[in-house]
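Peer 1: can you look at this prediction? I've put the sequence above it.
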Amino acid sequence: MASPSVNKVFIAGNLTKDPELRHPAQGTSVVSMSVAVNESYKDKDGEWKKKASFFNVVVWGGQAEFVSKYCVKGTPVFVEGKLQTRSYETSAGEKKYITEINASSVQSLAAKANSEGGSSSAARPGDEGKSNQAKSDSDDGFYGDMGDDGSDEVPF
């Protein structure tokens with residue numbers, strides 16, 4: 001009997017930069033993005049420490065179009081997908097490996113705009129309706145309810 005295997009990843013964090021949309025020759029849209037996930041923990045002396053982990057994420061097709069249109073640097077997102085490792089060769093002939101999340105679903109967690117009757121996603125820079133544009137954590141109310149201390153930490 002074959003042993004079961006599972007490759008499933010869930011992360012919630014903030015985009016570290018604007019998503020990069022590409023249209024390769026195959027015709028399927030693809031977005032590359034990076035998500036920062038913050039963690040608080042107590043060290044051996046009982047003091048609170050903060051640590052950030054950064055994840056490269058690849059999004060394909062319609063999800064890629066959504067992410068590139070509605071998400072900007074700082075947007076809180078929930079990503080579901082699987083881990084994949086790929087390799088490539090540099091111009092110097094050196095083999096490099098990259099481990100990333102191949103996303104099957106990306107959800108914007110920018111809830112403020114939705115509660116005000118607007119879109120649930122952040123607007124692109126330069127768009128009209130800048131009231132829905134991603135703002136700093138202390139301005140958007142999303143973190144303010146969690147006792148904002150001015151950090152970039154995700155409150156979960």
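Peer 2: Received, thanks.
Peer 1: what does stretch 25-36 contact?
Peer 2: 11, 13-17, 19-24, 52-65, 67-68, 71, 77, 79, 152 (Cβ atoms under 8 Å, 6 or more residues apart in numbering). The way it works is simple: take the backbone N, C-alpha and C, and place the C-beta from them, glycine included.
Peer 1: select only the buried ones of the residues you listed in ChimeraX?
Peer 2: Only the buried entries of the contacts of stretch 25-36 go into this ChimeraX selection, using 16 or more other Cβ atoms under 10 Å:
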select :11,13,14,15,16,19,21,55,57,58,59,63,64,67,68,71,77,79
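Peer 1: out of the contacts of stretch 25-36, which are inside strands?
Peer 2: 11, 13-15, 20-22, 52-60, 77, 79 (DSSP state E).
Peer 1: quick check: beta-bridge partners of the residue nearest the centre of the chain?
Peer 2: For the chain, the residue nearest the mean C-alpha position is V35 (3.6 Å; Cα atoms, centre = their mean). Taking DSSP bridges, one obtains L15, F55 as the residues bridged to V35.
Peer 1: what separation is there between it and G61?
Peer 2: 19 Å (Cβ to Cβ, to the nearest Å).
Peer 1: now do the contacts for V37.
Peer 2: With Cβ under 8 Å, 6+ apart, V37 has these contacts: 11-13, 52-55, 154.
Peer 1: for F142, give me the pLDDT.
Peer 2: As predicted, F142 sits at a pLDDT of 38.
Peer 1: again, but for the one 4 residues further on
Peer 2: With respect to pLDDT, M146 has a value of 42.
Peer 1: now swap in D149 and tell me
Peer 2: pLDDT, read off for D149, is 49.
Peer 1: do D45 as well
Peer 2: For D45, the predicted pLDDT is 93.
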